[in-house]
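> A predicted structure for the sequence below; I have some questions about it.
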Amino acid sequence: MNYDKSYFEVRGKALWFTGLSGAGKTTLARSFQHRLRQEGVFCVVLDGDELRQGINAGLGFTMQDRSENIRRIAEITRLFIDNGITCAVSTISPYPELRENARNIIGKESFAEIFVNAPLSVCEERDVKGLYKKARQNEISGFTGIQDKYVAPINPDLEIRTDLLSIDEATHRLAAWFEQQSCRISS
């Protein structure tokens with residue numbers, strides 16, 4: 001058989017959602033996944049909290065553990081996108097060097113950094129798991145935004161202010177941006 005070479009060069013896209021806990025990363029990722037599926041595009045959501053209960057169980061929040069957590073997530077993401085699957089990755093990834101490492105593992109041409117931005121006060125109000133409260137009472141140590149810093153991206157591919165947009169508006173904005181990037185979705 002004589003196959004067109006481009007048939008074998010299909011790569012997915014990695015949308016790396018970064019932001020504080022409670023900013024809406026996973027909510028936006030799942031909403032976007034639903035939107036893509038309606039358009040016939042397969043998308044996998046990789047949620048940092050879920051991965052810490054499985055493949056990353058046992059990793060703590062030291063810099064070394066955070067780095068290993070992100071490295072593993074990026075390696076899994078790369079496997080998906082190498083097989084033509086778009087990934088919406090929802091993980092705090094609080095430091096620029098962690099996000100840059102993920103970009104290098106995945107490949108710059110396939111990686112998009114999406115800053116899901118909401119003020120700390122809004123994230124604390126949304127805190128359904130009670131993590132901020134526990135961190136403020138020192139029941140959790142090293143919690144990002146309280147005992148540990150979150151360094152916001154300086155120049156993300158896209159910033160979405162979830163304190164100013166509804167989930168539908170945020171999803172529409174993300175979909176419009178995704179389409180502009182020459183990806184397959186209609187707005």
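Nice, thanks for sending it over.
> what does the lengthiest helix in the chain contact?
Ranked by number of residues, the top helix in the chain under DSSP state H is helix 63-82. The contact list for helix 63-82, computed with Cβ atoms under 8 Å, 6 or more residues apart in numbering, reads 11-14, 44, 46, 48, 51-52, 55-56, 59, 86-87, 89, 91, 93-95, 98-99, 101-102, 105-107, 110. Bear in mind the C-beta positions are built from the backbone N, C-alpha and C, glycine included.
> list the buried residues of the worst-scoring helix or strand of the chain on mean pLDDT.
Among the helices and strands of the chain, helix 48-53 carries the lowest confidence by mean pLDDT, DSSP states H and E, at a mean of 84. Using 16 or more other Cβ atoms under 10 Å as the test for burial, helix 48-53 gives 48, 51-52.
> try stretch 60-73
For stretch 60-73, by 16+ other Cβ under 10 Å, it's 61, 66, 69-70, 73.
> now that stretch, how far from the chain's geometric center?
Distance of stretch 60-73 from the chain centroid (Cα atoms, centre = their mean, to the nearest Å) equals 15 Å.
> with stretch 14-24 instead?
Relative to its chain's centre, stretch 14-24 lies at 5 Å (Cα atoms, centre = their mean).
> kindly report the same for stretch 37-51.
10 Å.
> low-confidence regions, this protein specifically.
The model of the chain has pLDDT under 70 over residues 1-10, 182-187.
> mind putting the buried residues of helix 48-53 into JSON lines with distance to residue 18?
JSON lines is the format used below for those (distance: Cβ to Cβ, whole Å):
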{"residue": "48", "distance to residue 18": "10"}
{"residue": "51", "distance to residue 18": "15"}
{"residue": "52", "distance to residue 18": "16"}
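> the helix or strand encompassing residue 34 packs against which elements?
Assigned by DSSP states H and E, residue 34 belongs to helix 25-38. Applying 3 or more Cβ pairs under 8 Å, 6 or more residues apart in numbering; DSSP states H and E, one finds that helix 25-38 contacts strand 14-18, strand 43-47, strand 86-90, strand 111-117, helix 167-180.
> can you list contacts of that helix?
15, 17-19, 42-45, 47, 49, 86, 88-92, 114, 116, 160, 162, 167-168, 170-171, 174-175, 178, 185.
> quick check: angle from it to helix 167-180?
Relative orientation of helix 25-38 and helix 167-180, computed by axes from the mean of the first three to the mean of the last three Cα atoms, to 10 degrees: 60 degrees.
> give me the distance between the residue nearest to residue 88 when sequence neighbours are not counted and residue 144.
Nearest residue to residue 88, sequence neighbours excluded (Cβ to Cβ, 6 or more residues apart in numbering): residue 29, at 3.8 Å. For residue 29, the distance to residue 144 equals 18 Å [Cβ to Cβ, to the nearest Å].
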